[in-house]
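Undergrad: Dropping a prediction and its sequence here:
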Amino acid sequence: MNTAKLARAFAILLIATASALHAQVPQLINYQGRVAVSGTNFDGTGQFKFALVDGDGGTSYWSNDGTSTAGSQPTSAVSLPVTKGLYLVLLGDATLANMTIVPATVFTNPDVRLRVWFNDGSHDWQQLTPDQRIAAVGYALMAATVPDGAITAGKLATGSVTAAAIATGAVGAGHLASNSITAANIASNEVVKSINSFKDDVTISAGSNITVSPSGNSIQISASLPTFSPIPNMQVFDTYGTFTVPAGVTRIMVDVWGGGGGGGWSYSKGGAGGGGAGGYGRSLFTVHEGEEYAVTIGGGGISYGNGSNGTNSSFGTIITANGGIGALATWADASTQGAEGGTANADVALTGGSGSNGENGAISAPRYGSGGSGGSAAAGGAGGRGGWQSSGISGRPGSIPGGGGGGGSGGTASPANEGGAGARGRVIVYW
């Protein structure tokens, strides 16, 4: 018989379409060849058999009907039209009779070749030679099943990986090469890349009185107030003196109040304002056994016409609590305003409360204005009550420590009513 031979084998091409990037990779290989019988290009319907084999031809990776082994001829044939010796086939096109899909796993092998058998209907089957090697295009089928660990950092564009581009559960640890994904490969707002410039494994540890409770993707950080041991000793100073640090004492806490300002007098029907309270300060600091600290106690402001200012209290040069301001007297039916409280210089420094304003009086009726109350000291003494709407009522003194005196009420006498005196300051040392 005449020997059919392969006159020319054209390029093997992967069928591709202009579909979206996430489309399924078609498992088809486009192959075009040419056959001649006795030197004449064949025309008509030819019978073909196909197999993908290794470089030696001794191993079959695939055949059109799945029956080829060790490079042998498949059992069933595929009918194809041939025009002037040329034929075209989609290897793996399951719509053709006796054609099976080409699995992508075929191209895990480095050398894959196409072996073709032809029968013109008049002669016996002939193997066309040589086997045609599949070039890089065929290996594009592997895009459908990327080998584990094949994607490295260099294969990812900066910011290319977003949450929308990855199906839920699609990527597992086995699909990623070690150290393949870095911060530069992850788009912004997708994951937490660092915490306050710390990266990789960040340990959040709980400090004193802090509790860290992880729950799923949340971390709850809770704080509890520390418990303080009772203070076993204290010394109260209501007059000038000296504090000497006892044996074994290394830390002390000190509270200081300045003296309260005096309330104003009333020389008319209008009420006078109340005096301001002394300032308050607290500090905790380290000391040494035997050290001495001078203690100054501020006096309360007196009320004689205008109320005088309270004076300052201090503990050494560490804490100063200033006295409250005295209130002005009223000389007409109009009232006077309450005075401001004193300030302090300490770790905890609170300004004393201001005295309240007196009330206006009136000639008709007649009406007498009440005096303003004195300001109250922070954590200390209350301000004295102002004289109320009745002739002959004076303001009341402030309470120790640091309360401001109340203002006198309006009346008929001249002077009508006195204001109350401010209270003295105080110093308390705890250890």
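TA: It's in.

Undergrad: Are we agreed that residue 154 is in a strand?
TA: No - in this structure, residue 154 is helix, not part of a strand, as judged by DSSP: H, G, I helix; E, B strand; the rest coil.

Undergrad: Please report the distance of it from residue 325.
TA: In this structure, residue 154 and residue 325 are separated by 76 Å, where distance is defined by CB to CB, to the nearest Å. Glycine gets a C-beta too; all of them are placed from N, C-alpha and C.

Undergrad: quick one, which of the two is more surrounded?
TA: For residue 154 versus residue 325, neighbours defined as other CB atoms under 10 Å are more numerous around residue 325 (28 against 7).

Undergrad: count of neighbours near residue 133?
TA: Burial of residue 133 is recorded as 13 neighbouring residues (other CB under 10 Å).

Undergrad: got it, and residue 87?
TA: A count of neighbours around residue 87, defined by other CB under 10 Å, yields 19.

Undergrad: again, but for residue 169
TA: Burial measure for residue 169: 6 neighbouring residues, criterion other CB under 10 Å.

Undergrad: do the one 3 residues further on as well
TA: For residue 172, the tally of surrounding residues (other CB under 10 Å) stands at 8.

Undergrad: pLDDT score assigned to it?
TA: We note a pLDDT of 72 for residue 172 in this prediction.

Undergrad: what does residue 169 give?
TA: The per-residue confidence score, pLDDT, reads 73 for residue 169.

Undergrad: Could you look up the SS state of it?
TA: Relying on three-state DSSP, one would call residue 169 coil.

Undergrad: what does residue 106 give?
TA: Taking three-state DSSP as the rule, one finds residue 106 in the helix state.

Undergrad: Can you give me the distance of residue 269 to residue 427?
TA: 41 Å.

Undergrad: cool, residue 396 as well?
TA: The separation that residue 396 has from residue 427, given CB to CB, amounts to 25 Å.

Undergrad: Between the two, which is the more surrounded one?
TA: Regarding residue 396 and residue 427, a neighbour count based on other CB under 10 Å identifies residue 427 as having more, with 27 against 24.

Undergrad: now for the strand or helix carrying the more buried one, which elements pack on it?
TA: According to DSSP states H and E, residue 427 maps onto strand 426-430. The helices and strands touching strand 426-430, judged by 3 or more CB pairs under 8 Å, 6 or more residues apart in numbering; DSSP states H and E, are strand 234-237, strand 251-257, strand 313-315.

Undergrad: measure stretch 312-328 end to end?
TA: Stretch 312-328 has an end-to-end distance of 20 Å (criterion: CA to CA, to the nearest Å).

Undergrad: any idea how far it is from the chain center?
TA: What separates the centre of stretch 312-328 from the centre of its chain is 45 Å, taken as CA atoms, centre = their mean, to the nearest Å.

Undergrad: For residue 170, grab the count of nearby residues.
TA: Close neighbours of residue 170, defined as other CB under 10 Å, add up to 8.

Undergrad: Let's verify residue 326: helix, strand, or coil?
TA: Reducing the assignment to helix, strand or coil with three-state DSSP, the entry for residue 326 is coil.

Undergrad: ok, it - contacts?
TA: With contacts defined as CB atoms under 8 Å, 6 or more residues apart in numbering, the neighbours of residue 326 are 261-264, 275-276, 301, 303, 306-310, 339, 422.

Undergrad: Repeat the analysis, applying 6 Å as the threshold.
TA: When contacts are counted by CB atoms under 6 Å, 6 or more residues apart in numbering, residue 326 is found next to 261-262, 275, 301, 307-309, 339.

Undergrad: Then residue 355?
TA: Remark: with contacts taken as CB under 6 Å, 6+ apart, residue 355 is in contact with 273-276, 327, 338-339, 372, 374-375, 404.

Undergrad: next one: residue 327
TA: Going by CB under 6 Å, 6+ apart, the list of residues near residue 327 reads 263-264, 272-275, 307, 339, 355, 407.
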